[in-house]
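1. I would like the atomic coordinates for the input below:
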Amino acid sequence: MLDIGSRSKTVLAVAWVVFAGVNCYLTFVLPGKETIPFHLVWASFALLYGLCPWPRRATMVAFVVVTTVTGAALVGHAIAGNIEWEECTEIILMAGIMALLIWHVNRQRNSQARLQALQQADRRRSQQRENAARFGSHEVRTRLTIARGYAQLIADQSTEPTVREDAELVVAELIKASALATNLLTLVRVVEPPTTEPVDVDLMLAAILRRWSVTADRNWSAQSAVGTVQGDNERLEAILDCLLENAVRFTEPGDTIAVTADAQGGELVLTVRDTGAGIPAADLDTVFEVFRTGSAAGERAGSGLGLAIVKAVTEARGGTVSVASSLGHGAAFTLRLPLLMLPPTPSGKPTTDSTDREPLDESVDVRS
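-> Below you'll find the predicted structure:
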């Protein structure tokens, strides 16, 4: 069904009336040759009815008029002996076919209307959930930040070792709670349309490496020769942060965490590899499920949201994520995302990199 304006509907209706009127006239004045104009009247009626909705009264009037006029022409020709009476069965047959068509079209339109209503209701509920999550997460993080500030103040100023240790424990838990609130908001916003912008993958990985290298005592390295591509910088950083947080949790000081990026066959391939505890084979199929932690995680277990966010964000953008690991031999998480080219340059050639520089090959050893 086309979305046709009221003026276009009027024009189509007038054109059909003229066309149908001419062909009805021809069914009367062409005895024995009325077959073509007879069927053209019904075919044009069916075509117009399928293009746009008709009011019920207009449908019934048009149906009765077409049936009566075309039927009168056939009956008149049969009485005059120009055609056999068997030809008059076309009146009933065409009317029956058109009635079935009207019924099916109305049924389809009613189904579409119900589906659109359900989609609109679902969009409203989704928007309400997103707003609730967004505002709720903001309020929670604000309170947690305030509480963390006071707890940190107590830890810094207290002269009692027990009080200082307890305050530092509270600060650590508040940091975890704030990260959990952020992850929940990220998970809710997965279905939002991505913001496509030029993303310098090399610089992004270098910035992420510097940010994480000061938070954990690991051997950090990053390699990339991708350059600049079209993508969603915020989402890319979010999923890499989740993977790196997971890698830090399951490694020890002195272990290696490496991030690599490459362009392969129209895909952006990001890999986060570590030499940590690894993942048992029995847990590989469930590590990306929400609120699931590995059977061997123990005290390392987090909220169970990080890898679920990675999977949800990656798949929402048409990509895939996989893991290869064995217990005691580290893990490697590989993301494959569709590689979007940058807009053409003034020369008319598309590009994946806007600068001429050496590929990223950076490592940081922060072992004490």
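
2. quick one: the helices in the stretch 1-150 of the chain?
-> Secondary structure of the stretch 1-150 of the chain (DSSP state H, counting those that start in this stretch): helices at 6-29, 35-51, 56-79, 89-157.

3. quick one: contacts of the first one?
-> Spelled out, that is helix 6-29. Helix 6-29 has contacts (CB atoms under 8 Å, 6 or more residues apart in numbering) with 4, 34, 37-38, 40-41, 44-45, 48, 51-52, 66, 69-70, 73-74, 76. Where C-beta positions appear, they are placed from N, C-alpha and C, glycine not excepted.

4. what's the burial count for residue 33?
-> For residue 33, the count of nearby residues is 14 (other CB atoms under 10 Å).

5. oh, that last question was meant for residue 320, not what I typed.
-> Applying other CB under 10 Å, we find 12 residues neighbouring residue 320.

6. swap in residue 259?
-> Count around residue 259 with other CB under 10 Å applied: 25.

7. does it touch residue 213 like I think?
-> No: taking contacts as CB atoms under 8 Å, residue 259 lies outside contact range of residue 213: 11.2 Å.

8. deepest-packed of the helices of the stretch 1-150 of the chain, please.
-> Across the helices of the stretch 1-150 of the chain, averaging neighbours per residue (mean count of other CB atoms under 10 Å) puts helix 35-51 on top, at a mean of 17.

9. now the angle from that one to helix 89-157?
-> Following axes from the mean of the first three to the mean of the last three CA atoms, to 10 degrees, one obtains 20 degrees for the angle between helix 35-51 and helix 89-157.

10. what lies in contact with helix 35-51?
-> For helix 35-51, the surrounding residues in contact (CB under 8 Å, 6+ apart) are 1-2, 4, 12-13, 16, 19-20, 22-24, 26-27, 30, 59, 62-63, 66, 70, 73-74, 90, 94, 97-98, 101-102, 105.

11. helix, strand or coil for the closest residue to residue 319 other than its chain neighbours?
-> Using CB to CB, 6 or more residues apart in numbering and skipping the chain neighbours, the partner closest in space to residue 319 is residue 337 (3.8 Å). Using DSSP: H, G, I helix; E, B strand; the rest coil, the structure places residue 337 in strand.

12. how about residue 337, what does it touch?
-> With CB under 8 Å, 6+ apart, residue 337 has these contacts: 231, 267-268, 270, 314, 317-319.

13. buried subset of those residues, written for PyMOL?
-> Remark: buried members of the contacts of residue 337, expressed as a PyMOL selection using 16 or more other CB atoms under 10 Å:
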select buried, resi 231+267+268+270+314+317+319
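
14. what's the closest of the contacts of residue 337 to residue 156?
-> residue 270 (38.7 Å; CB to CB).

15. what about that closest one, distance to residue 53?
-> Using CB to CB, to the nearest Å, we find residue 270 at a distance of 50 Å from residue 53.

16. could I get the helices of the stretch 1-150 of the chain in a markdown table, plus columns for distance to residue 223 and mean pLDDT?
-> Converted to a markdown table, those look like this (distance: least, CB to CB, whole Å; pLDDT from 0 to 100):
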| stretch | distance to residue 223 | mean pLDDT |
| --- | --- | --- |
| helix 6-29 | 59 | 89 |
| helix 35-51 | 58 | 90 |
| helix 56-79 | 68 | 92 |
| helix 89-157 | 34 | 83 |
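
17. pop out the phi and psi values for residue 324.
-> phi -130, psi 130 (degrees, to the nearest 10).

18. so how many other residues sit close to it?
-> 15.

19. ranges for the helices of the stretch 151-300 of the chain?
-> Counting by DSSP H, counting those that start in this stretch, the helices of the stretch 151-300 of the chain are 161-188, 201-213, 233-249.

20. columns distance to residue 286 and mean neighbour count on top of these, output as JSON lines?
-> Shown next, in JSON lines, are those (distance: least, CB to CB, whole Å; neighbours: other CB atoms under 10 Å):
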{"stretch": "helix 161-188", "distance to residue 286": "17", "mean neighbour count": "16"}
{"stretch": "helix 201-213", "distance to residue 286": "26", "mean neighbour count": "19"}
{"stretch": "helix 233-249", "distance to residue 286": "14", "mean neighbour count": "21"}
